[in-house]
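# using only what follows, build the 3D model:
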Amino acid sequence: MSALPVGPLTRDTLEDRVYAQIRDALMEGRFAAGQPITLRALAQALGVSLTPIRHASSRLVAEGALSVGPNRTLSVPAPTAAAFEEISAMRQLLEGLAAERAAERIDEAEIGELERLCDVMDQAYEAQDLLGALRANRAFHAGVHRAGGSAILVAHLDSLWLRAGAVVPIVIEQSLHEHFIPKDPNHPHRRVVAALRARDGKAAKRALVCDIAWAADLIVKHLAEHPAAASGPRPMTRTR
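Sure, this is the predicted structure:
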């Protein structure tokens, strides 16, 4: 067979790293819903040229994670209360499935990492560190997703988190002020860890679904009362 007219691709290009960093920031909630974003500001924040920013942002627009406004200014779409309810319902189904699968597959190192993230989130709450709490929350859920052992499931959940991440700070900010109990064994995250350690998939599912549903109730109420409201911008970090 003659050689095909294509060559090998270089993995982990600068564009891929820029895309991954912006995508992670969106899923963690570091961009506020409705926040305008310029390509130049992104390039400056990440310490790169405009070219990889253009390519990465085009991918994110195609995924529905960013929208394009006048003068090519980007913004983070703010979901309606109805749209967020739908996203949350899908998350409950898929994350519940991931938790059930994780109970069958997770190892002690992964359980230990989830427990560590619970402690990190407690520390962030104590320090009133919104960014730290957002990162720990996203990392916890992503850890459960990966432990489920399904790349397809992870991809679908990442897509949902891309569309919901900008409003997650609503519930994290409220928790910082009203719901924090250090090392609370009844916190849904702690209950997920306990269930996974016991290899109880149904209990892990219940705890994770409870976590999503409780947060969704607060966020949907906020979106219904403040349909155009957006939190202040949160910082991006430079790409490595």
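# domain ranges for the chain?
14-75, 81-225 (automatic domain parsing).
# and the end-to-end length of the shortest one?
Pointing back at domain 14-75 there. 22 Å (CA to CA, to the nearest Å).
# chain center to it, what's the gap?
15 Å (CA atoms, centre = their mean, to the nearest Å).
# name the nearest residue to K202, sequence neighbours excluded.
Using CB to CB, 6 or more residues apart in numbering and skipping the chain neighbours, the partner closest in space to K202 is E100 (7.0 Å). The C-beta positions use only the backbone N, C-alpha and C, and glycine is treated the same way.
# residues contacting the one you found?
Contact partners of E100, counting by CB atoms under 8 Å, 6 or more residues apart in numbering, are 148, 201-202, 204-205.
# and what about the residue nearest in space to the middle of the chain, helix, strand or coil?
Nearest to the mean C-alpha position of the chain, by CA atoms, centre = their mean, lies M27 at 3.0 Å. Secondary structure for M27, judged by DSSP: H, G, I helix; E, B strand; the rest coil, is helix.
# rewinding a little: confidence-wise, which of the domains of the chain is weakest overall?
Of all the domains of the chain, the minimum mean pLDDT falls on domain 14-75 (a mean of 90).
# helix/strand/coil for A32?
Per three-state DSSP, A32 ends up coil.
# help me confirm that it comes into contact with I170.
No. A32 lies out of contact with I170 (CB atoms under 8 Å); the separation is 10.1 Å.
# check contacts around the closest residue to S49 other than its chain neighbours.
In space, and not counting its chain neighbours, S49 is closest to A43: 6.3 Å by CB to CB, 6+ apart. By CB under 8 Å, 6+ apart, A43 lies in contact with 49-50, 53.
# no further questions, thank you.
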